[in-house]
Structures are given as C-alpha cells and as structure tokens.
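Asker: Fold the following for me, if possible:
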Amino acid sequence: MDTSKIESAIRALADDAELLRRFQDDPRAIASQIGLDVEWAETIALGDRYRLQAAGVGAAMSLRVAQWFIDRLNDSALTRRTRQELSQSPARLPVPAEVVFAGGCSHVPAPPTSLGSAGSEAIRRRRAAYDRLAADIRAADPEVMIVVAESRAPGFITGAFVIGTGSTIGASTTTSDPALALCGDPTYARALVDAVRAEGLEVEESNRVGLDKDLLSPLHILLPEPELPVIPIITQPERGFSPFGARAFGEVLRIVVEMAGRRVAILATGGPSRRSDRASFGQLAPEFDRFVLDMLRTGRGVELGDLEPYALLANGRHEFQNWLVMLGLVGPGVAAKIYAYEPAGRGDDEGGWTVVSMILPPKK
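Answerer: Next up is the predicted model:
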C-alpha cells in the first residue's frame, strides 16, 4: 500500500468524526471509502503504530491512530513482536558475478551424524537440509570459500573482526576433531584485509585462526572437497557488537571479490537468535528468528543491519553478525530459500536449526 494513501485515509478519519465512528464500528465496511484495502484498514483499527511507521507513516500521525484505538491497542511494543513492512520489493544491486554461492546455517555437533539429541526422524530431517545446502555448494563449484563464524574464546589482540591469513588452518584447543585440517589462501585473505583497512574499517589479521566448533562442524558436511581453500572471518561479539558495522564489513568484501575474478562461496554460521554467553547459553528467541527468516525470504536481509543494537542484544547477539557480513557481500534484494528452521533449547544441543540458501541470479 502506498504511504500517501494510508496517510490520506488517516487524515480523512481525523477530519470527520462521524466517519471515524463508523470506521471504529466496522473498518472493513469503510475501507474502500477512504482508499484502503481491508488489510490496512484493520492495521489502523488495531492501532498498530509500529507497522504504520514501518510503512513510512510519520510518527505523530501513527501515534494519533494509536490514541483512537487505545482500548484495543495491539501494537508491536505491547505484544513484543518485531514488525517490518514486507509488501514492497527492495531495490536490488547486482550481485558480483564471482559470488557463486551464499548461505547460512546453524552449527552442528561433531560427528555430524548425530545432528542433535532428538529422535531419528528429526535427525533425518535436519541432515536432509544440510545435504541440500551441500549440494548447492557443489553445484556452484567455488574456487575459494569464505566462512564467517564467531569466537567465544578469542585469543586475538583486538576486538575487531579477524581474517585468517594462514596457509593452513589447523585445530584449535577446543575442537573435537583435530584430524580435519584445511588449506587457506594467504594472498586472497590479505587482499581482503587491505580492502577493509583502505575503507577505514578496523580488522585484525591472524595466521593462527584454528578450527573450533564454529568453523569445523558445518564444514564436515558442507565442504565439497578438503582441498578447497577456506578463509575464516571471525567476529567477536563479546568484545564489540555493531550490526551496521557487520554489514559494512561485508559490503567492503565486494571490492576484492569483484577484482580477483575467482568463484567465491560465502557461508555464515550460527543461528540468528542463539546466545552463547555463559549466562544464557543456548537460549533462543523464535519470534525474532521468524522475523529474520521473513526478511530473508523477501530479499530484505540487509535491512536487518539498520536495527538498533539494543533490540538485537535482547534477542540474541552472539551469532547474528555472521549473517550480516554474508548479506552485506550479497547485497539487497536477494531472496532466500529456507531449507530448515527448528527452534531448540537446552538438552537439544543448546541451539536451533536454521539452514538457508540465497537465491543468486543465474551465471552467464
């Protein structure tokens, strides 16, 4: 619905007390008279000022609407639901031709055959989602893979994001499978570091990024071949948190990806609302997860970087930045296929299961 039509309808109601009374009694019957469809008539009748603001209606006007219907107020603030207007398609930037795969997935326990402590049917269902993602990566045939993860026990100097520049990626002290060692790509990784610094953003480079569970577990299933170079990007949410900064970091990566001319896959690991701090380890916010997934389905994932940090911290901050780095590289307007979403909690590997593949344009 066009914002000007919504505002015009609100003005009409404000200027005619009798019309407002009839609208309050039966908003559906009055909708067409004031130029609204039924959905937006009911939105006004609910007094949902936050959905009105998400559609572009000014704060003062949306507050007036809430005051009209204060006796039945059901807006986002009181219901603690996150709302975003999804009916209008976002502007789309060209995805770099070199990006042949982009997606995200929750961490899985090693060995991956367990895939949780739930029953066998749940295990098969979850494994099928990861297998679909693995098939997407194989079909894309990348030459290098960027994996974004967070570190809960960082041994780094700064609180900045870290890019692994080592020629090999060994096991960290926390990994459960030291046998899986991967090769890096120092030249490509240092080009990423240089590009980030050239744009005035902070980044730490390290040739000692080890494989812990955040990197190891998804790669057990998803890596098409052990020889594929992997470049780890490590976020440090315990030391610093900025959704806008994470997206900006991903946007800068486009510079190198486009110039290098190599086929790139980027994988964000973790769950949108999963927390990994000791006080609330494994806690989830399913309502927030579903909001994120709705944004991804409709190609609005990058807009999540505009949300205020405090709102995100309340819903689980520890792995969300990883997704924003991936989304920044892909750009706006790219929708996603949701292969799996199953919230879980303590006793079910303290996580949840989210598997997403971005729908990239066909390659020429």
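Asker: so residue 288 touches residue 272, yeah?
Answerer: Yes. Counting by C-beta atoms under 8 Å, residue 288 touches residue 272, with 6.7 Å between them. Quick note: C-beta positions are derived from backbone N, CA and C, even for glycine.
Asker: ok, the two, which is more surrounded?
Answerer: residue 272 (30 against 20; other C-beta atoms under 10 Å).
Asker: tell me the contacts of the nearest residue to the more buried one once chain neighbours are set aside?
Answerer: Leaving aside its chain neighbours, residue 272 sits nearest to residue 292 (4.3 Å; criterion: C-beta to C-beta, 6 or more residues apart in numbering). Counting by C-beta atoms under 8 Å, 6 or more residues apart in numbering, residue 292 touches 272, 273, 301, 304, 320, 323.
Asker: got those residues as JSON lines, with pLDDT, distance to residue 46 and secondary structure columns?
Answerer: Converted to JSON lines, those look like this (pLDDT from 0 to 100; distance: C-beta to C-beta, whole Å; DSSP: H, G, I helix; E, B strand; the rest coil):
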{"residue": "272", "pLDDT": "72", "distance to residue 46": "27", "secondary structure": "coil"}
{"residue": "273", "pLDDT": "64", "distance to residue 46": "26", "secondary structure": "coil"}
{"residue": "301", "pLDDT": "90", "distance to residue 46": "27", "secondary structure": "helix"}
{"residue": "304", "pLDDT": "84", "distance to residue 46": "24", "secondary structure": "helix"}
{"residue": "320", "pLDDT": "82", "distance to residue 46": "29", "secondary structure": "helix"}
{"residue": "323", "pLDDT": "93", "distance to residue 46": "31", "secondary structure": "helix"}
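Asker: Now distance to residue 23 too, for the residues you listed, in a markdown table please.
Answerer: Supplementary listing: these in a markdown table, determined by distance: C-beta to C-beta, whole Å:
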| residue | distance to residue 23 |
| --- | --- |
| 272 | 38 |
| 273 | 38 |
| 301 | 36 |
| 304 | 34 |
| 320 | 40 |
| 323 | 41 |
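Asker: And the residues you listed, which is closest to residue 265?
Answerer: Taking C-beta to C-beta as the measure, residue 265 lies nearest residue 323 of the contacts of residue 292, at 15.1 Å.
Asker: How many residues are close by the residue lying closest to that closest one once chain neighbours are set aside?
Answerer: Once flanking residues are discounted, residue 323 sits nearest to residue 268: 4.4 Å by C-beta to C-beta, 6+ apart. By other C-beta under 10 Å, the residues close to residue 268 number 30.
Asker: Residue 188: how many residues sit nearby?
Answerer: Neighbour tally, residue 188, other C-beta under 10 Å: 20.
Asker: hmm, I was thinking of residue 233
Answerer: 26.
Asker: A helix includes it, no?
Answerer: No. Going by DSSP: H, G, I helix; E, B strand; the rest coil, the assignment for residue 233 is strand, not a helix.
Asker: got the contact list for it?
Answerer: Contacts of residue 233 (C-beta under 8 Å, 6+ apart): 146, 147, 148, 149, 161, 162, 163, 164, 325.
Asker: Helix, strand, or coil at the residue nearest to residue 272?
Answerer: Under three-state DSSP, residue 292 comes out as helix.
Asker: ok, the contacts of residue 233 vs residue 9, which is closest?
Answerer: residue 325 (40.7 Å).
Asker: per-residue pLDDT, the closest one?
Answerer: Note on residue 325: pLDDT of 96.
Asker: hang on, it packs against residue 252?
Answerer: No. Using C-beta under 8 Å, residue 325 is not in contact with residue 252; the gap is 9.9 Å.
Asker: more crowded one of the two?
Answerer: Set residue 325 next to residue 252 and count neighbours by other C-beta under 10 Å: residue 325 wins out with 25 against 21.
Asker: Just the element for that one, please.
Answerer: Taking DSSP states H and E as the criterion, residue 325 maps to helix 320-330.
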